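J.: Sequence and predicted structure below; questions after.
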Amino acid sequence: MAKQVGTEGGALALGRKPGRGPDRGRQPVPRPAWALGALWTALAGVTGGVPGIGLAGEEGIPTLPEIRIFSAGETRQTQGLDRADLDKAPPGANPLAALGRLPGVDFQGADAQGSYEWSVRFNLRGFGQNYLGFTLDDVPLGDMSYTNNNGLHIGRAISGENLDQVLLSQGSGDVGTAATGNLGGTVRFLSRDPDMKPGAYLAQTLGSDSFHRTFARLETGKLESGIRAYLSFSQEGTDKWKGQGSQGQDQFNAKLVHGFGDHLLTLFYDHSQRREVDYADLSLSSVQRLGWNWDNYAPDWSRAVAAAQGHYSGGVTSGNDAYYQASGLRNDDLAAAALDLGLSPSTRWKTTLYTHHDDGQGHWYSPPSLTNPLSLVEPLALRLMDYRVERAGVVTALTWQSGVHTVNGGLWVEHSRHYTAMSFQAVSGPVSWDSFLGNPTATVFQQQYVTDTRQFHLQDTLSLLGDRLHLNLGFKTPRVRMEAANPVGPLASGQLTASKSFLPALGASYRLAPGQEVFASYTENMRAYQPGVAGPFAQLQPVYDLSAARLRPETSQTYEVGYRYQGGPVQASLAAYHVDFHDRLLSVATCDGVVGCPATLVNVGRVSSDGLEGALSWNPVKHWTWFNALTLDNSRYRSNYREGTALVQADGKQVVATPRRMWATELTYEPGPWYARLGGKYTDRRYYSYTNDAAVPSFWLWNLSAGYRPGKMGPLTETSLQLGVSNLFDKRYFSTVGTNGFVTADPNGQFATLLEGAPRQVFVGFSGRL
């Protein structure tokens, strides 16, 4: 029996402008902070141990090479960003946003930092975010979806200042990646290790709409025992840039590294509390009638009640044009322990244990609807969506090197429990938006999922012809069993298993000459059935029963060839790809988002993607760098599907939310301690209907950043001043499409599933070390 979500402490007191409602004050941080404090005290007192131990970055422990825009020697299209690149991004910015300038990547968000999770979308080569794989130091993050069915977003898993590298594989990831949803590419996040010297790192950022972010990290340095550790805290808050409300997050991180002999022990802990008030989901029609600055009704309760009763004003023509208010709450605890053993000079065995707990809740003031059991009692009711995740797992792999072979084999096992429920609470006025609410008046449904994952992989990388030819031969065998129970409501229950005994991954790279190489790869992948509100059990039981026998796990076949060049002032890459996507499951929205009626899941058969990606970095003169990335993508449905008795003509239509053309260009000037960067990106038209009768237009977006690194200032060293301007020319554009899913057709532009991008915002930051 799933426990009831009750009122919970630790709600954030975020920045509010005068007249934007009461400030309830800051509540105490819950018990994880005490645990971290105790851990820090213990670390500070550790003595003894083995002197002269080799640690990460020291002799005896392997370290990753520095990765920047281009990666040589890889058998697939792989690029990434290192700490120097991430430091030039706005403080607190979503690290996925920094990847947005790379080929194949489409990142969208409705706020300047890209941290507003309801709006964040990250697409690769026609694959949406829920078809990609994400890991942090080998720990799986699931698809980082807003509804939290199998992981958490990177912004809640670690503070951005504690990241060291972000590695992107556009086409397909390594077979050892702990993911079962990555039909498309993967993103690997790597955290920074503690410093060798004791000290502290401090950063403060202020910006538009009362934005503020404070970050502090305390470092033990290398103790006599050989241990190094840090503890960090960040607090971020901002007012919405339109309408009433605020968004923000408190976060703690702790990391410990201990080397002994040729072995390495790593411990990591993260606690995050995120609170955000939503922007109104827009439609093409509402923007035309109400303007770009339209938002939800708060704080005007009377107007929201009148609209719920069908009395509209000021250009509003529908109860779905706006609601009183909506908000999202997420509390996460993530812990991991990794042991990397040097068994011999040629053999290493690394094992990572992890556990993750998430409590989430969404608030939405609902007008009368078919799913609202209080429609006959009150004109407005507060709709609650509860999410809970409890998961634990292990990722282990053995690497053995002999002659020209480097063999890697491993296993990933995870047990996950996911709970989701929709309920309604009777209200006579606004209630607290940033606290968990319990004891609902009526419950529409509850669902409980148990998912067991097991995935084995084996691969061999051969280095031949004097290290000019690299061959990568591998496979994986995923098996995911999901069981759904529905103790309350009409949604489906049952059991599904997705498995494949052999999913191959083959690749080769060949160095033609110094600085020139070609590569090719072929990969097969499977996406397991998903628990939660977007999965097959989120349908009515009779509908599921009719379709269950025809359900097949989605699969993909990816072909890729490419060329890389590095010489003098020029670095370049060019890649072409073809993807065959089979048994594509589309979730078709059948009503407006607030109503919460079950979506229809349909199998549209085959989808294909063909594309070309190019990247060029040129240093024409000293201190100047010009970077360009071009993406041409043709992703289309290759089958029609039935919606009831009607045949929907989707064959040949462009895949929703996928731009056909993107071009990112960036000019950087970096003389000594100064730097300045001007970057722009073109994003082509994107459809949000499967029949391609509804789309948002293309747009250019420009950003400017500049900084000065004076070095020592008083007691501080490594100081840095930074200025950032997002949306430099104050462009009006639609950022996110599909916030409430996608529809078969929307000829009149009335489906509210769009969000506007933030206007021009200015940020100033300062950082330094003590």
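T.: Great, that's in hand.

J.: Now do Trp433, the pLDDT please.
T.: At Trp433, the model reports a pLDDT of 89.

J.: my guess is it meets Gly245, correct?
T.: Yes. With contact defined as C-beta atoms under 8 Å, Trp433 counts as touching Gly245 (7.4 Å). Heads up, the C-betas are built off the backbone N, CA and C, glycines and all.

J.: Which residues are in contact with each of those two?
T.: Common neighbours of Trp433 and Gly245 (criterion: C-beta atoms under 8 Å, 6 or more residues apart in numbering): Val277, Gln325, Ser327.

J.: just checking, the last one is part of a strand?
T.: If I follow you right, that is Ser327. Yes. Judged by DSSP: H, G, I helix; E, B strand; the rest coil, Ser327 forms part of a strand.

J.: Give me the contact list for stretch 508-523.
T.: Applying C-beta under 8 Å, 6+ apart, the set of residues contacting stretch 508-523 from outside is 72-77, 171-172, 467-472, 503-507, 557-567.

J.: Now, those that are in strands?
T.: 469-472, 503-507, 557-567 (DSSP state E).

J.: Check these for burial and list the buried ones.
T.: Among these, those buried by neighbour count (16 or more other C-beta atoms under 10 Å) are 470-472, 503, 505-507, 557-558, 560-562, 564-565.

J.: from those, which is closest to Gly151?
T.: Leu503 (20.9 Å; C-beta to C-beta).

J.: Tell me the confidence at the nearest residue to the closest one once chain neighbours are set aside?
T.: Nearest residue to Leu503 in three dimensions, chain neighbours excluded: Glu524, at 4.6 Å (C-beta to C-beta, 6 or more residues apart in numbering). At Glu524, the model reports a pLDDT of 96.

J.: what do you get for the one 5 residues further on?
T.: Tyr529 carries a pLDDT score of 92 in this model.

J.: tell me the secondary structure for Tyr544?
T.: Relying on three-state DSSP, one would call Tyr544 helix.

J.: pretty sure it contacts Pro536?
T.: Yes. Look at Tyr544 against Pro536 with C-beta under 8 Å: they come within range, at 6.3 Å.

J.: Quick check: neighbours shared by those two?
T.: Counting by C-beta under 8 Å, 6+ apart, the residues touching both Tyr544 and Pro536 are Ala492.

J.: Val427: which of the shared contacts of Trp433 and Gly245 is nearest?
T.: Looking across the shared contacts of Trp433 and Gly245 and measuring by C-beta to C-beta, the closest to Val427 is Gln325, at 11.1 Å.

J.: burial measure for the closest one, as a count.
T.: Residues lying near Gln325 (other C-beta atoms under 10 Å) number 26.

J.: One more: Ser501?
T.: That count, for Ser501 with other C-beta under 10 Å as the rule, works out to 8.

J.: cool, Gly92 as well?
T.: Counted with other C-beta under 10 Å, residues neighbouring Gly92 total 27.

J.: Could you do Leu86 as well?
T.: When counting by other C-beta under 10 Å, one arrives at 18 neighbours for Leu86.

J.: That one and Val166 touch, don't they?
T.: Yes. With contacts counted by C-beta under 8 Å, Leu86 reaches Val166, the gap being 7.1 Å.

J.: Need the overlap of contacts for those two.
T.: With C-beta under 8 Å, 6+ apart as the test, Leu86 and Val166 both reach Pro95, Ala98.

J.: Next, Asp693: secondary structure please.
T.: Asp693 is classified as coil under three-state DSSP.

J.: any idea how far it is from Ser720?
T.: 49 Å (C-beta to C-beta, to the nearest Å).

J.: Give the residue from these two that has the larger number of neighbours.
T.: For Asp693 versus Ser720, the count of surrounding residues by other C-beta under 10 Å is larger for Ser720: 21 against 16.

J.: List the contacts of the more buried one.
T.: Asp87, Gly707, Tyr708, Arg709, Gly765, Phe766, Ser767, Gly768.

J.: Quick one: residues contacting the first one.
T.: Put plainly, it is Asp87. Contact partners of Asp87, counting by C-beta under 8 Å, 6+ apart, are Ser720.

J.: again, but for the third one
T.: By C-beta under 8 Å, 6+ apart, the contact set of Tyr708 is Pro673, Trp674, Ser720, Leu721.

J.: ranges for the strands of the stretch 101-250 of the chain?
T.: Here the stretch 101-250 of the chain has its strands, by DSSP state E, counting those that start in this stretch, at 105-108, 121-124, 133-136, 139-140, 163-169, 186-191, 199-207, 211-219, 227-239, 246-260.

J.: can you tell which of those strands is closest to Leu384?
T.: Among the strands of the stretch 101-250 of the chain, strand 246-260 sits nearest to Leu384 (C-beta to C-beta), with 19.3 Å.

J.: how many degrees apart are the closest one and strand 227-239 in direction?
T.: 170 degrees (axes from the mean of the first three to the mean of the last three C-alpha atoms, to 10 degrees).

J.: Packing partners of strand 246-260?
T.: On a contact count with 3 or more C-beta pairs under 8 Å, 6 or more residues apart in numbering; DSSP states H and E, strand 246-260 meets helix 32-44, helix 154-157, strand 227-239, strand 263-277.

J.: 7 Å instead?
T.: With contacts defined as 3 or more C-beta pairs under 7 Å, 6 or more residues apart in numbering; DSSP states H and E, the packing partners of strand 246-260 are helix 32-44, strand 227-239, strand 263-277.

J.: Show the average pLDDT along the last one.
T.: Averaged across strand 263-277, pLDDT comes to 97.

J.: Could you check the angle it makes with strand 186-191?
T.: 110 degrees.

J.: Would you mark the buried spots in strand 263-277?
T.: In terms of neighbour count (16+ other C-beta under 10 Å), strand 263-277 has its buried residues at 263-264, 266-277.

J.: Could you do stretch 673-680 as well?
T.: Buried residues in stretch 673-680, counted by 16+ other C-beta under 10 Å: Tyr675, Ala676, Arg677, Leu678, Gly679, Gly680.

J.: Tell me the one among the contacts of Tyr708 nearest to Gly429.
T.: Leu721 (45.8 Å).

J.: Pretty sure that closest one sits against Gly707.
T.: Yes. Between Leu721 and Gly707 there is a contact at 6.1 Å, judged by C-beta atoms under 7 Å.

J.: Compare the two (neighbour count), which wins?
T.: A count of neighbours by other C-beta under 10 Å puts Gly707 above the other of Leu721 and Gly707, at 19 against 16.

J.: State whether the more buried one is indeed within a strand.
T.: Yes. Secondary structure of Gly707 (three-state DSSP): part of a strand.
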